[in-house]
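Asker: Fold the following and give me the result.
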Amino acid sequence: MVVSLRSHLNTDDFRMSLANIERRMKDFYRFWQVHSPHYTDHGETHCKTVEKNLDELIPDDIKSELNEYEIFLLLSSVYLHDVGIMCATTSVEENEEIRRNHHKRSEQFIIDNMKDLLNGPERDAVGKISLAHRDEVSLDDIMMERTIRHSLLGNKKVRVRFLAALLRLADSCDLCHTRTTEDIVSLGKLSKEASFHHALHERVSGISFDTEEKTIFVDLSIASDGEKAICQKYLINKLQESLNSVKDHLVKNGIVYVEVVPRFTKTATLSTKLSVPKKMEEAIGSIVTAKIPISKAYKMFNKADALYNKKEYERSLKYIEKALKIAPSDPFAWLRKGRSQAELGKLKEASRSYDNAARFGSEDLFFNLNAGHFFGEIMLDYEKSLSFFKKAYEQDPRNQSAALDYAEALITVDKAQEAYNLATRVWNTTTNIVTRFYSWTIRVISLFFLGEQKALTELEGFFYYYKSTSLLREKNEWVYNKIRKYINQSSLDNNVKGLLNAVLDLIEGKIPTSEFEQRLNAFPKK
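Answerer: The predicted model follows:
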């Protein structure tokens with residue numbers, strides 16, 4: 001049984017505020033069709049469906065990690081994100097323009113008209129989450145997180161960008177037959193474009209979220225193979241684009257969905273015809289149908305993934321090879337192949353696989369980051385590791401993980417000052433405890449290479465922070481083979497080399513805090 005987000009709201013203040021928002025919006029949404037009379041549902045039923053999608057797509061363990069403030073703000077956004085569809089600025093404004101910009105209007109409505117139900121920081125957060133429900137808004141332009149103080153609960157961290165990603169995906173997944181009716185199509189004077197969208201929704205019988213297969217399944221009823229191609233292009237590929245726009249932000253918070261997979265059934269019960277209006281029509285012959293074979297490949301990939309997790313690397317490779325015969329440009333398959341080869345000690349072959357993963361996944365910094373780690377931490381190739389991390393950083397300079405990976409790589413090519421500056425930028429802006437700690441690690445190492453007198457003082461502050469923050473001793477994700485090799489091969493004083501190696505040993509959990517403290521106290525002070 002799916003556990004609802006609402007069941008995690010235990011504070012009366014949140015429950016009452018959410019109920020008041022729903023009550024107000026219930027009255028508003030009775031008139032959502034004023035400026036969009038022929039669109040698929042954007043009213044109360046749509047909001048309830050979006051909430052249900054969130055309940056189903058968020059795994060229960062991730063729900064329990066969301067704090068009450070995050071759940072309240074997310075659910076508030078569910079009921080406010082489409083309010084802008086009713087907000088005309090002039091009496092002659094075109095309906096299409098209102099729909100096209102309704103996400104911006106929603107944000108402004110929330111800021112201007114919800115003062116009695118949401119405080120300033122809450123309105124700002126809900127406004128940004130609602131704004132970003134449209135794919136055209138880059139999630140990178142939405143604040144990563146902020147702290148909001150609640151009068152009863154104290155200061156709470158709110159992952160605004162993560163919440164925005166969740167709302168976008170849940171909203172995009174409301175594409176089932178329940179969003180339309182036969183009556184509105186047969187009795188309403190719909191434009192050809194509106195009729196087309198209603199007909200598309202009629203063909204979607206249901207949607208499901210499979211966290212084990214990392215897949216969103218869409219079940220569709222079709223009358224012909226021609227309809228299959230149309231649904232693939234105008235429904236499945238569109239939903240895949242929405243998923244692609246949020247998946248990296250979801251992965252960082254423990255939710256992994258990779259692919260949208262259609263499951264078609266032929267039927268004679270459809271009440272509408274499905275034909276693409278000329279205004280929308282692009283050459284149907286050019287429709288990309290690669291998703292169908294890739295879906296078969298993905299099943300192979302899932303088997304390989306399961307075997308890899310069981311450390312059966314040879315068997316895992318066999319399934320990956322089968323997947324790549326069907327979908328030779330799938331970057332995830334190349335990445336898994338490289339990881340399995342590396343575990344088997346086939347490093348030359350693994351190098352080619354990581355190169356291919358980065359090449360075929362060139363638009364996604366995830367693959368450049370993985371290649372950078374492989375060539376750095378396993379192959380100990382400073383220059384090649386740097387090249388991949390530089391590409392990832394240039395793809396998204398605001399991505400803090402990419403920035404820190406690039407900063408660490410800069411140290412290994414004698415650019416400690418650049419590394420220090422970049423790590424300091426992250427250190428000054430992040431509110432994440434772990435990110436702040438790792439940026440501090442790079443700052444400390446850089447200062448020793450720069451010969452700065454404040455290096456030791458910085459290290460003492462770093463160690464105090466580590467010792468007083470239990471989360472850092474529980475969560476260790478980084479490996480330091482590359483930087484350790486560079487330190488040991490450098491011209492640094494042997495005492496400094498020993499101390500920096502102890503820093504890395506401490507972070508990797510190889511020595512206890514007490515032993516590091518002894519080494520730090522024994523380090524000769526100048």
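Asker: Spatially central residue in this protein, please.
Answerer: The chain has residue 249 as the residue nearest its centroid, 1.6 Å off, counting by Cα atoms, centre = their mean.
Asker: Excluding chain neighbours, give the residue nearest to it in space.
Answerer: Nearest non-adjacent residue to residue 249, counting by Cβ to Cβ, 6 or more residues apart in numbering: residue 165, 4.1 Å away. C-beta: built from backbone N, CA, C; applies to glycine.
Asker: Can you tell me what sits against whichever strand or helix holds the one you found?
Answerer: Under DSSP states H and E, the secondary-structure element containing residue 165 is helix 160-172. Defining contact as Cβ atoms under 8 Å, 6 or more residues apart in numbering, one finds that helix 160-172 is touched by 50-51, 53-54, 57-58, 70, 73-74, 77-78, 81, 125, 128-135, 139, 142-146, 238-239, 242-243, 245-246, 249-250, 252-253, 257.
Asker: before we move on, the earlier item: tell me the contacts of the residue nearest to the centre of the chain?
Answerer: Residue 249 neighbours (Cβ under 8 Å, 6+ apart): 139, 161, 162, 165.
Asker: Can you lay out these as a markdown table showing neighbour count, pLDDT and distance to residue 267?
Answerer: As requested, those are exported to a markdown table (neighbours: other Cβ atoms under 10 Å; pLDDT from 0 to 100; distance: Cβ to Cβ, whole Å):
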| residue | neighbour count | pLDDT | distance to residue 267 |
| --- | --- | --- | --- |
| 139 | 18 | 90 | 37 |
| 161 | 22 | 95 | 40 |
| 162 | 25 | 95 | 38 |
| 165 | 26 | 95 | 34 |
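Asker: Could you work out the most separated pair of these?
Answerer: Greatest spacing in the contacts of residue 249, by Cβ to Cβ: 139 and 162 (9.2 Å).
Asker: ok, residue 78 touching residue 51?
Answerer: Yes - at 5.0 Å, residue 78 counts as touching residue 51 under the criterion of Cβ atoms under 8 Å.
Asker: These two: which has the busier surroundings?
Answerer: Each of residue 78 and residue 51 has its neighbours counted (other Cβ atoms under 10 Å); residue 78 has more, 30 against 19.
Asker: can you list the domains in this protein?
Answerer: The chain breaks down by automatic domain parsing into domains covering 1-170, 175-289.
Asker: Burial-wise, tell me which of these comes out on top.
Answerer: Mean neighbour count, computed with mean count of other Cβ atoms under 10 Å, is highest for domain 1-170 among the domains of the chain, reaching a mean of 18.
Asker: Quick one: distance of it to the chain centre.
Answerer: In terms of Cα atoms, centre = their mean, to the nearest Å, the centre of domain 1-170 is found 18 Å from the chain centre.
Asker: Look up how far residue 260 lies from the residue nearest to the centre of the chain.
Answerer: When Cβ to Cβ, to the nearest Å is the yardstick, residue 249 and residue 260 sit 17 Å from each other.
Asker: cool, and residue 464?
Answerer: From residue 464 over to residue 260 the distance is 48 Å, taken as Cβ to Cβ.
Asker: With residue 15 instead?
Answerer: From residue 15 to residue 260 the distance is 34 Å (Cβ to Cβ).
Asker: Ok, residue 393 next?
Answerer: Residue 393 sits 29 Å away from residue 260, going by Cβ to Cβ.
Asker: before we move on, what about residue 451?
Answerer: In this view, residue 451 and residue 260 are 54 Å apart by Cβ to Cβ.
Asker: ditto for residue 208
Answerer: 11 Å.
Asker: any residues in contact with both of those two?
Answerer: residue 216.
Asker: And the helix or strand containing residue 244, how far out from the chain middle?
Answerer: Element membership of residue 244 [criterion: DSSP H and E] is helix 237-251. With Cα atoms, centre = their mean as the basis, helix 237-251 stands 8 Å off its chain's centre.
Asker: With stretch 402-417 instead?
Answerer: Counting by Cα atoms, centre = their mean, stretch 402-417 comes out at 25 Å from the chain centroid.
Asker: Name the SS class of residue 413, please.
Answerer: What DSSP: H, G, I helix; E, B strand; the rest coil gives for residue 413 is coil.
Asker: That one: neighbour count?
Answerer: Other residues close to residue 413 by other Cβ under 10 Å number 14.
Asker: quick one, what contacts it?
Answerer: Contacts of residue 413 by Cβ under 8 Å, 6+ apart are 382, 383, 386.
Asker: Just the pLDDT at the last one, thanks.
Answerer: Pointing back at residue 386 there. Per-residue confidence (pLDDT) for residue 386: 97.
Asker: same thing with the second one?
Answerer: pLDDT recorded at residue 383 is 96.
Asker: got a list of what it touches?
Answerer: residue 413.
Asker: next one: the first one
Answerer: For residue 382, the contacting residues are 376, 409, 412, 413, 482, 486, taking Cβ under 8 Å, 6+ apart as the criterion.
Asker: So what's the residue count around the third one?
Answerer: Taking other Cβ under 10 Å as the neighbour definition, residue 412 ends up with a count of 23.
Asker: With the one 10 residues further on instead?
Answerer: Residue 422: 23 surrounding residues under other Cβ under 10 Å.
Asker: Thought residue 410 was touching it, still the case?
Answerer: Yes - using Cβ under 8 Å, residue 422 is in contact with residue 410, at 7.1 Å.
Asker: Just give the nearest non-adjacent residue to residue 496, would you?
Answerer: Spatial nearest neighbour of residue 496, excluding adjacent residues (Cβ to Cβ, 6+ apart): residue 448 at 5.6 Å.
Asker: Ok, residue 441 next?
Answerer: In space, residue 441 is closest to residue 507, 6.6 Å off (Cβ to Cβ, 6+ apart).
Asker: pretty sure that neighbour is in contact with residue 480, am I right?
Answerer: Yes - Residue 507 lies in contact with residue 480 (Cβ under 8 Å); the separation is 7.0 Å.
Asker: mind checking which helix or strand of this structure has the lowest mean pLDDT?
Answerer: Lowest by mean pLDDT, DSSP states H and E among the helices and strands of the chain is helix 182-187, with a mean of 50.
Asker: Now do the helix or strand that it is followed by, average pLDDT.
Answerer: Tracing the chain C-terminally past helix 182-187 and defining elements by DSSP H and E, one meets helix 192-202 next. Helix 192-202 carries an average pLDDT of 74.
Asker: Do you have the helices of the stretch 351-500 of the chain handy? List them.
Answerer: For the stretch 351-500 of the chain, the helices defined by DSSP state H, counting those that start in this stretch cover 365-373, 382-395, 400-411, 416-429, 433-450, 455-468, 470-474, 481-489, 494-507.
Asker: Measure how far the fourth one is from the centre of its chain, please.
Answerer: On the basis of Cα atoms, centre = their mean, the separation between the geometric centre of helix 416-429 and that of its chain is 24 Å.
Asker: Show me what it is packed up against.
Answerer: Packing contacts for helix 416-429, counted by 3 or more Cβ pairs under 8 Å, 6 or more residues apart in numbering; DSSP states H and E, involve helix 400-411, helix 433-450.
Asker: any idea how far residue 67 is from residue 16?
Answerer: Counting by Cβ to Cβ, the gap from residue 16 to residue 67 is 18 Å.
Asker: Ok, residue 120 next?
Answerer: Per Cβ to Cβ, residue 120 is found 19 Å from residue 67.
Asker: ditto for residue 166
Answerer: Relative to residue 67, residue 166 is positioned 14 Å away (Cβ to Cβ).
Asker: Nearest residue to residue 121 in space, please, no chain neighbours.
Answerer: Using Cβ to Cβ, 6+ apart and skipping residues adjacent in sequence, the residue nearest residue 121 is residue 148, 4.6 Å away.
Asker: Sweet, I'm off.
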